[in-house]
Structures are given as structure tokens and as C-alpha cells.
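Visitor: Pasted the sequence and its predicted model underneath.
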Amino acid sequence: MIKAYGLTKRYGDRTVVQDLDFTVHPGTVTGFLGPNGAGKSTTMRMLLGLDTPTRGRSTIGGRPYATHGAPLTQVGALLEARSVHPGRSARNHLLALAHTHGIPRSRVEEVIALAGLTGAADRRVKGFSLGMGQRLGIAAALLGDPATVILDEPVNGLDPEGVLWIRTLLRSLAAEGRTVLVSSHLMTEMALTADHLIIIGRGRLLADTTVDELVRQAGGASVKVITPQPDDLRTHLTHPDVEITTVAAADAPLHELRVRGAEAAHIGTVAAAHGITLHELTPQTVSLEKAFMDLTQEAADHRSQPPATRNPTPLTGAAA
Ligand SMILES: Nc1ncnc2c1ncn2[C@@H]1O[C@H](COP(=O)(O)OP(=O)(O)OP(=O)(O)O)[C@@H](O)[C@H]1O
């Protein structure tokens, strides 16, 4: 279990992480999300004793990271810009790490295979692509068979096969009962990988929630219905859990409704049973990316503007 108690980091007069309290539980993948510059890497560095908090503290397995005797066997970590001697081969890099932690050579071979580096293990690291470097970093993180795994942007630079590999790997590590904390700014990828989400913006906690709950808070799933008989449909769908709103066309022959709390199949069956004509029946899933953007809107330091239109409508002199 990872615990943060009021973690705060200030650089000069800038507070980049502020009063973060959270718990990362074993047996689940916890996604650590936030826009660029939100403070994810800084927080992870503090958890790993690489940055000293200005205030607050954190523990991994009940103790501060620095007090773990052989950290590689307790906590495996991949941080951005991990330094590996460029002249060393991947295998020699892992052997050196294993040697300092009393880890057998056979485990080095295991993690090389696990990370898909078998064919590249004897090549010098300086020739590695970004994705291969990530695979080596993950192999190193798993070398000591740690109970806690902390990975900062592990899918960075990975090809689609690598992204899928990470997803499967993280889920199996969690299924084995390990504590897995993984940062990303890719909401959609995290939604596929993580069970729980800790979302920060400008160093502050914005949400500590499950993927399902975030979807629910963002409006949940709904069904778009277009029908010329909205009143009949409303009557027959009446139920305390069902919410029906009119989206458009109040005085047109066709009405667009948005139904929450009932599945499309149920709505179709009810409509058929009562002879109600439907012109459209489409399940709408909330965009997790949009939910994330909405949540972090106020807290994004770097958000791009949509590109200017090439042929903007000329102003005609009317006051806006
Ligand atoms: N050593 C440092 N000195 C001064 N400012 C720093 C230092 N390290 C980080 N920062 C600042 O702290 C803020 C948080 O940075 P951090 O790298 O933790 O964010 P992040 O959420 O990991 O971002 P990204 O998704 O872009 O990697 C940024 O504004 C960054 O410029």
C-alpha cells in the first residue's frame, strides 16, 4: 500500500504539489492522471525519496521508501529519463542491478523475456529506441519481484503491441496482489488499464475515484431516441431510475430525447410493445477524455487552442 499524507513540494515561490493525501491499494491498478505539469512526476519522485517534500510525508508498505533495506525487492520503479550507462548492454545493466541486490542471474533472464528484449539483450543501450528503453526500464523495475510497482508514463514511446503488453502486464501484476501506481496523461488508455484513478491538476487532488464513478459523474451513459411519439414513450418508460430529457425539436414532428437509466434494448422493446415508432435508438457513451478535460479544465497549464479557420467569416461591422 502507498500512502501520501499532505505531500507538498515548492520550488522557489511555486507550489507544484499541494497537500496531496491519497492511498494506493494493493490488488488494483491505480492510474495517476493529470495534464502536463500537474505534478505527477514530482509526486512519484517524492514517494521514491528522490525529492524531499517541502511538507508532508509518504509511506510504501507502511514505511518511508528510504528506510527499505533492499528497495528493488520491495518497490520497482520506472521514472522518466532513467539513466542507464549507454555503453552497457541491456543484459549487463540488469546483471549489475541484480548483483547489488543479491538477485540471481536466472531472474535477469526472466525479466528480459518478460519485457520482450530477448533479441536485443546484448545490444548497447545507446542504440535503443525510446520504446526499447521503456521496456528495459520496466524489466529493471520488475527485477526484484517487488510488491509495489510505480511507473511514470510507461507507454511513452511504445508501439501498439507494447501498449497492449503494458496493459496486460499491469493488470496481471495487480491480480497477483501487488500495488500498482502508473502515471499517464492519456485518459482513454488509463480507462482500459486502471481500476482506480487519482487525478491531479496544478498539484492539487481533483478526484480519487473509480473509472465507473468518473463515467457516472460525467453524466453516465445515455440513449439517444428520435420519435414522433415522445409523450407515449415517456408514459411507458416511467420508472424512478429513468430520466428522460428533451434535447431538440420541441415543436417539430420528430422529437429527440435523451434517456438515462434504461438500456437501448429495453427502450426498443417497450416501444415495440406499445406500437411507438422510433426513428433512431443510439446508445451514447460519455467520452472519458472529455470527462477528464472538464475535470482538469481549470487546472491545465498547457492547453492548446483549436487551429484558426482558414477562411474566417469576415466581420460585417456589426457589434459583437
Ligand atoms: N527541479 C525543478 N525545479 C523547478 N520546477 C520544477 C522542477 N521539477 C518540476 N518542476 C515544475 O513542477 C511542475 C510539475 O512538474 P511535473 O514534471 O511533476 O509534472 P507532470 O505532471 O509529471 O507533467 P508531465 O505530464 O508533463 O510529465 C512543472 O511546472 C515543472 O516545471
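Guide: Sure, I can see it. Numbers count the residues shown, from 1 in each chain.

Visitor: For burial, what's the neighbour tally of the residue lying closest to Leu295 once chain neighbours are set aside?
Guide: Excluding the flanking residues, the one nearest Leu295 by Cβ to Cβ, 6 or more residues apart in numbering is Leu206, at 5.5 Å. No exception for glycine: its C-beta is placed from N, CA and C like everyone else's. Counted with other Cβ atoms under 10 Å, the neighbours of Leu206 add up to 19.

Visitor: what about the strands in the stretch 201-320 of the chain?
Guide: Secondary structure of the stretch 201-320 of the chain by DSSP state E, counting those that start in this stretch: the strands cover 204-210, 222-227, 243-248, 255-260, 280-284.

Visitor: could you dump those strands to JSON lines with mean pLDDT?
Guide: As requested, those are arranged in JSON lines below (pLDDT from 0 to 100):
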{"stretch": "strand 204-210", "mean pLDDT": "93"}
{"stretch": "strand 222-227", "mean pLDDT": "92"}
{"stretch": "strand 243-248", "mean pLDDT": "88"}
{"stretch": "strand 255-260", "mean pLDDT": "90"}
{"stretch": "strand 280-284", "mean pLDDT": "89"}
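
Visitor: Go through those and name the closest to the ligand.
Guide: Comparison of the strands of the stretch 201-320 of the chain against the ligand by Cβ to the nearest ligand atom identifies strand 204-210 as nearest, at 11.8 Å.

Visitor: Show me what that closest one is in contact with.
Guide: 18-22, 34, 195-200, 214, 217, 295-296, 299 (Cβ atoms under 8 Å, 6 or more residues apart in numbering).

Visitor: go on, stretch 8-15?
Guide: Stretch 8-15 is contacted from outside by 16-20, 39, 42-43, 46, 51, 53-56, 203, using Cβ under 8 Å, 6+ apart.

Visitor: Then stretch 165-179?
Guide: Residues from elsewhere that reach stretch 165-179 (Cβ under 8 Å, 6+ apart): 1-2, 24-30, 60, 114, 116, 138, 146-149, 151, 154-155, 158, 180, 182, 189, 192-193, 195.

Visitor: Where does Ile200 sit: helix, strand or coil?
Guide: The local conformation at Ile200, judged by DSSP: H, G, I helix; E, B strand; the rest coil, is strand.

Visitor: so how far is the strand or helix carrying Leu72 from its chain's centroid?
Guide: Assigned by DSSP states H and E, Leu72 belongs to helix 71-74. Relative to its chain's centre, helix 71-74 lies at 24 Å (Cα atoms, centre = their mean, to the nearest Å).

Visitor: What are the contacting residues of it?
Guide: Contacts of helix 71-74 (Cβ under 8 Å, 6+ apart): 60-61, 65, 68, 97, 101, 103, 143-148.

Visitor: again with stretch 226-234
Guide: 225, 244, 246, 253-257, 267, 270-271, 274, 276-280.

Visitor: can you give me the end-to-end distance of that stretch?
Guide: With Cα to Cα, to the nearest Å applied, stretch 226-234 spans 12 Å between its terminal residues.

Visitor: try stretch 19-34
Guide: Using Cα to Cα, the end-to-end distance of stretch 19-34 comes to 16 Å.

Visitor: And it, what's buried?
Guide: Within stretch 19-34, the residues scored as buried using 16 or more other Cβ atoms under 10 Å are Leu20, Phe22, Val24, Pro26, Thr28, Val29, Thr30, Gly31, Phe32, Leu33, Gly34.

Visitor: tell me the mean pLDDT for that stretch?
Guide: Mean per-residue pLDDT for stretch 19-34: 96.

Visitor: now that stretch: how far from the chain's centre is it?
Guide: Worked out by Cα atoms, centre = their mean, stretch 19-34 lies 10 Å from the chain centre.

Visitor: Name all residues that make contact with the residue nearest to Ala291 when sequence neighbours are not counted.
Guide: In this structure, Ala291 finds its nearest non-sequential neighbour in Ala218, 3.5 Å apart by Cβ to Cβ, 6+ apart. Listed by Cβ under 8 Å, 6+ apart, the contact set of Ala218 reads Val286, Leu288, Lys290, Ala291, Asp294.

Visitor: Give me whichever of the strands of the stretch 201-320 of the chain is most buried.
Guide: Greatest average neighbour count among those goes to strand 222-227 (a mean of 21), per mean count of other Cβ atoms under 10 Å.

Visitor: and that strand, which strands flank it?
Guide: strand 255-260 (antiparallel), strand 280-284 (antiparallel) (DSSP bridges).

Visitor: Would you point out which residue is most central in the chain?
Guide: The residue lying closest to the centre of the chain (Cα atoms, centre = their mean) is Met190, at 3.0 Å.

Visitor: Just the pLDDT for that residue.
Guide: Listed pLDDT for Met190 reads 86.

Visitor: Brilliant, that's me finished.
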